[in-house]
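Visitor: coordinates for the following, if possible.
(one chain, ligands or ions: 1)
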Amino acid sequence: MGASGKVNLFEHDRNGLRALFAQLGEKPYRADQVMKWIYHRHVTDFAQMTDIGKALRDKLEAAFEIVPPKALFEKQANDGTYKWLLGMDGGNAIESVFIPETSRGTLCVSSQVGCALACQFCSTGAQGFNRNLAAAEITGQVWIAARHLGNVPHHQRKLTNVVMMGMGEPLLNFDNVVTAMSVMRDDLGFGLANKRVTLSTAGLVPMIDRLSEASDVSLAVSLHAPNDELRSELMPINRKYPIKDLLAACQRYTQRKARTTITFEYTMLKGINDQPEHARQLIKLMRKVPSKVNLIPFNPFFGTRFERSEETVIRAFQKILLDADVLTMVRRTRGDDIDAACGQLKGQVVDRTRRQAEFRRKLEQGIPHVA
Ligand code: SAH
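Guide: Predicted coordinates for the structure are as follows:
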């Protein structure tokens, strides 16, 4: 519900919209018509929905609104990567990033204002947490990018992939993320193929199982370390859900459908997790699940204690995995001149966990190892 007391149609997927229309005594196909106007033609004004009669348009106008998040600014990187800062309530802002490539265009979407998980190498993690995004604020990020690109599903397809890899932990905002991903994959919505919508998680084991029941999307898991000791240091969530349990959940996720593989993300941190020994440990883990590995060169941010592994070290690490038949890619760094690369998104988070204050305090005291 917006400030106007009207329901924001960006809050709902097709089923939700049909239910709302039913409450007004309207047929499901009316909801479908409105969806097409919103997602294929980027129209948010009922008055412009010309295949709907005036009386119904007035009725819809009285009950509903179609309000995307507000773009505070947009920035383009030298490599064409595009970043939006979107204003939320209470002085908060989140970021989304569009990454154009020759054969595809990927939008990286945020799910929360900040993040509570405090992964040590992540800029969002250093900021603390404010709140979950509403479904309208998640779907709205895709809509803003689609409108900017002039994207039309099945005709003028500029936006081909969405990754839930922006700010926040998507599985901690489960219902809203599932609703938004439903609009992404709906032909009346953004029309993306299931496998082209990817949810990335730090590894919330019970929620991975819930996801496999609620939504059919690709799963990426942030692993970043091949043993519990190191992973718990880098990612506190590992103390609750250690690697063994995480891999078992991944295995269950792949079993629900033939040919499903999980992408394991592994950020390359100089001298921390990038040694041949780590690669060999990783190979053993990857034997347990149909998987591929995505090596991400670490992207630095203000105050971090970590450094990016050398290119030669990353290639050597990749080769050890490839030689053991573990499919391994190195993710190209994009948009880092505008702080749009993985782990660099920070928006503006009014922190409610006091983590940010602690971080600043330690920095001011000149303690080098804070991140
Ligand atoms: N919370 C989710 C999604 C957000 S982050 C998750 O943890 O998967 C998207 C990816 O970028 C994750 O794999 C994350 O670990 C990685 N990442 C975070 N900080 C990074 C940094 N500074 N450099 C490179 N990758 C980073």
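Visitor: hmm, who's touching stretch 179-190?
Guide: 11-16, 32, 35-36, 39-40, 109, 135, 138-139, 142, 146, 151, 153-154, 159, 162, 164, 191-194, 197, 199, 215-217 (C-beta atoms under 8 Å, 6 or more residues apart in numbering). For the C-beta atoms, the positions are set from N, CA and C on the backbone; glycine is no exception.
Visitor: tell me which of the residues you listed fall in strands.
Guide: 162, 164, 197, 199 (DSSP state E).
Visitor: near the ligand, from those?
Guide: Among the ones in strands among the contacts of stretch 179-190, no residue lies close to the ligand (C-beta under 6 Å from any ligand atom).
Visitor: how near is whichever residue of the chain sits closest to the ligand to residue 222?
Guide: In the chain, the residue that lies nearest the ligand is residue 343 (1.9 Å; C-beta to the nearest ligand atom). As judged by C-beta to C-beta, to the nearest Å, residue 343 and residue 222 stand 10 Å apart.
Visitor: cool, and residue 63?
Guide: From residue 63 over to residue 222 the distance is 41 Å, taken as C-beta to C-beta.
Visitor: same check on residue 245?
Guide: Counting by C-beta to C-beta, the gap from residue 245 to residue 222 is 15 Å.
Visitor: neighbour-wise, which of these two wins?
Guide: residue 222 (28 against 15; other C-beta atoms under 10 Å).
Visitor: phi, psi for that one please.
Guide: For residue 222, the backbone dihedrals (degrees, to the nearest 10) come out as phi -80, psi 110.
Visitor: which positions within whichever helix or strand residue 174 is part of qualify as buried?
Guide: Using DSSP states H and E, residue 174 falls within helix 174-185. Across helix 174-185, burial judged by 16 or more other C-beta atoms under 10 Å covers 174, 176-185.
Visitor: same check, this time on stretch 147-161
Guide: Applying 16+ other C-beta under 10 Å to stretch 147-161 flags 148-149, 151-153, 158-161 as buried.
Visitor: centroid residue for this protein?
Guide: residue 164 (1.6 Å; C-alpha atoms, centre = their mean).
Visitor: so that residue sits against residue 199, correct?
Guide: Yes: at 4.6 Å, residue 164 counts as touching residue 199 under the criterion of C-beta atoms under 8 Å.
Visitor: on that earlier part again, measure the residue nearest to the centre of the chain to residue 64 for me?
Guide: Taken as C-beta to C-beta, the span from residue 164 to residue 64 is 26 Å.
Visitor: same question for residue 288.
Guide: Taken as C-beta to C-beta, the span from residue 288 to residue 64 is 48 Å.
Visitor: who has more neighbours out of those two?
Guide: Taking residue 288 and residue 64 together and counting by other C-beta under 10 Å, residue 64 has the greater number of neighbours (22 against 13).
Visitor: I figured the more buried one hits residue 12, correct?
Guide: No: Residue 64 is beyond contact range of residue 12, at 9.8 Å (criterion: C-beta under 8 Å).
Visitor: mutual contacts of these two, please.
Guide: Contacts common to residue 64 and residue 12, judged by C-beta under 8 Å, 6+ apart, are residue 20.
Visitor: and stretch 359-371, average pLDDT?
Guide: Confidence for stretch 359-371, expressed as mean pLDDT, is 60.
Visitor: an error on my part: the question was meant for stretch 213-229.
Guide: 96.
Visitor: which parts of that stretch are buried?
Guide: By 16+ other C-beta under 10 Å, the buried positions in stretch 213-229 come out as 214-215, 217-227.
Visitor: redo these as JSON lines? Include distance to residue 313.
Guide: Below are these laid out as JSON lines (distance: C-beta to C-beta, whole Å):
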{"residue": "214", "distance to residue 313": "39"}
{"residue": "215", "distance to residue 313": "37"}
{"residue": "217", "distance to residue 313": "33"}
{"residue": "218", "distance to residue 313": "28"}
{"residue": "219", "distance to residue 313": "28"}
{"residue": "220", "distance to residue 313": "23"}
{"residue": "221", "distance to residue 313": "23"}
{"residue": "222", "distance to residue 313": "20"}
{"residue": "223", "distance to residue 313": "18"}
{"residue": "224", "distance to residue 313": "16"}
{"residue": "225", "distance to residue 313": "16"}
{"residue": "226", "distance to residue 313": "15"}
{"residue": "227", "distance to residue 313": "19"}
